[in-house]
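>>> Let me see the structure of the following:
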Amino acid sequence: MWILHEGRYTLLKRYTKQFVPAKEPQAYSYGPRLDQIQDQNQYYLLRPDKTLVPLKLTLNMLQAAAPELALKTVPGAGKASTDAEWAAVLAAAEKE
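As a prediction, this is how the structure comes out:
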């Protein structure tokens, strides 16, 4: 588990792999014929009361997980898309 931002709120990232078995081939089927391993990132927000909230990295999900922070007023919050950008948004929101 990686720590993307550490402060009053902590943004965590967990990297997982998921095994997806192949389905039995059917006539005229275009589904996957081989087993697959899919990479997934899971994000969590550790609140000051030590509760861990799973979330997706969107502005609405972060605002719902941390209602005390005024994330919508932080410049660049609407355009943030990468891990580093969301960590910078949280850092700017905690300074206010």
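>>> make it CA atoms for all contacts and neighbour counts henceforth
Noted.
>>> which residues sit in contact with residue 20?
Residues near residue 20 by CA atoms under 8 Å, 6 or more residues apart in numbering: 35-38.
>>> Quickly list what it is bridged to.
With DSSP bridges as the criterion, residue 20 is bridged to residue 36.
>>> dump the residue contacts of the most centrally placed residue in the chain.
Central residue of the chain (CA atoms, centre = their mean): residue 43, 3.3 Å from the mean position. Residues near residue 43 by CA under 8 Å, 6+ apart: 11-14, 54-57.
>>> Among those residues, which one is most surrounded by other residues?
For these, neighbours were counted using other CA atoms under 10 Å, and residue 11 has the most, 25 neighbours in all.
>>> Return the residues in contact with the nearest residue to residue 78 once chain neighbours are set aside.
Nearest residue to residue 78 in three dimensions, chain neighbours excluded: residue 59, at 6.8 Å (CA to CA, 6 or more residues apart in numbering). By CA under 8 Å, 6+ apart, the residues touching residue 59 are 71-72, 77-78.
>>> try residue 81
57-58.
>>> What of residue 91?
5, 7.
>>> is it true that it lies in a helix?
Yes. In this structure, residue 91 lies within a helix as judged by DSSP: H, G, I helix; E, B strand; the rest coil.
>>> That one and residue 85, how far apart?
10 Å (CA to CA, to the nearest Å).
>>> a helix runs through residue 30, doesn't it?
No. Secondary structure of residue 30 (three-state DSSP): coil, not part of a helix.
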